[in-house]
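Novice: what would the 3D arrangement of this be:
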Amino acid sequence: MAQKRHSVSSFPHPGQPHISYHKQILINDEPGSDIVAKALPGAAVNAVNFSEVVAKLAEASVPEWAIREALGDLGLEVVAFDQELAHLAGLLRPGTRQFGLSLGDRACLAMAQHLSVPAMTTDGVWRKFKIGVEIRVVR
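Specialist: Got it, this is the predicted structure:
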């Protein structure tokens, strides 16, 4: 990747999205990968969503070294899912339960809400609720 990487301690610039499940779209060159690729510089992922991506790749029999290399090359900031994010994600449950959002989904939204940045998803149902976070559906 020819782009300049952000340091591990940096947060996304204002307006840059929080990326969750969408790393595998980029890795697999799926529909929406061009949108995700443009959003990567300065983007962040929380540790819950990062773990989900690792799990999906491991389930697809991708070796650990390849997972580490592929995700490391994306240069994303992996942010700890701390007490504040856990609190925010829990508070999102009543307003999103009817849409079937998982903990990972709410973790993504909580981090986007906390950092005041857009959240990216492939799930169009996210358009149906209003929680004060810009939602970008990538496919």
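
Novice: how about the strands in this structure?
Specialist: 44-46, 77-79, 119-121, 135-137 (DSSP state E).

Novice: got a list of contacts for the last one?
Specialist: Going back to what we said before, that points to strand 135-137. Here strand 135-137 makes contact (Cβ atoms under 8 Å, 6 or more residues apart in numbering) with 17, 35, 39, 118-124, 126-127. All C-beta atoms are positioned from the backbone trio N, CA, C, and that covers glycine.

Novice: now the strands of the chain as a markdown table including mean pLDDT and mean neighbour count?
Specialist: Listed next are the strands of the chain as a markdown table, based on pLDDT from 0 to 100; neighbours: other Cβ atoms under 10 Å:
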| stretch | mean pLDDT | mean neighbour count |
| --- | --- | --- |
| strand 44-46 | 89 | 25 |
| strand 77-79 | 90 | 18 |
| strand 119-121 | 87 | 25 |
| strand 135-137 | 87 | 17 |
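
Novice: quick one, which of the ones you listed gets closest to residue 101.
Specialist: strand 119-121 (9.9 Å; Cβ to Cβ).

Novice: hmm, back to that, now a PyMOL select for only the buried ones of the contacts of strand 135-137.
Specialist: This is the PyMOL syntax for the buried subset of these, where burial follows 16 or more other Cβ atoms under 10 Å:
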select buried, resi 17+35+39+118+119+120+121+122+123+126
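
Novice: hang on, the earlier thing: can I get the strands of the chain in JSON lines with distance to residue 68?
Specialist: Converted to JSON lines, the strands of the chain look like this (distance: least, Cβ to Cβ, whole Å):
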{"stretch": "strand 44-46", "distance to residue 68": "15"}
{"stretch": "strand 77-79", "distance to residue 68": "12"}
{"stretch": "strand 119-121", "distance to residue 68": "23"}
{"stretch": "strand 135-137", "distance to residue 68": "27"}
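
Novice: figure out which of these is closest to residue 86.
Specialist: strand 44-46 (10.2 Å).

Novice: how many residues are close by residue 58?
Specialist: By the measure other Cβ atoms under 10 Å, the count of residues near residue 58 is 12.
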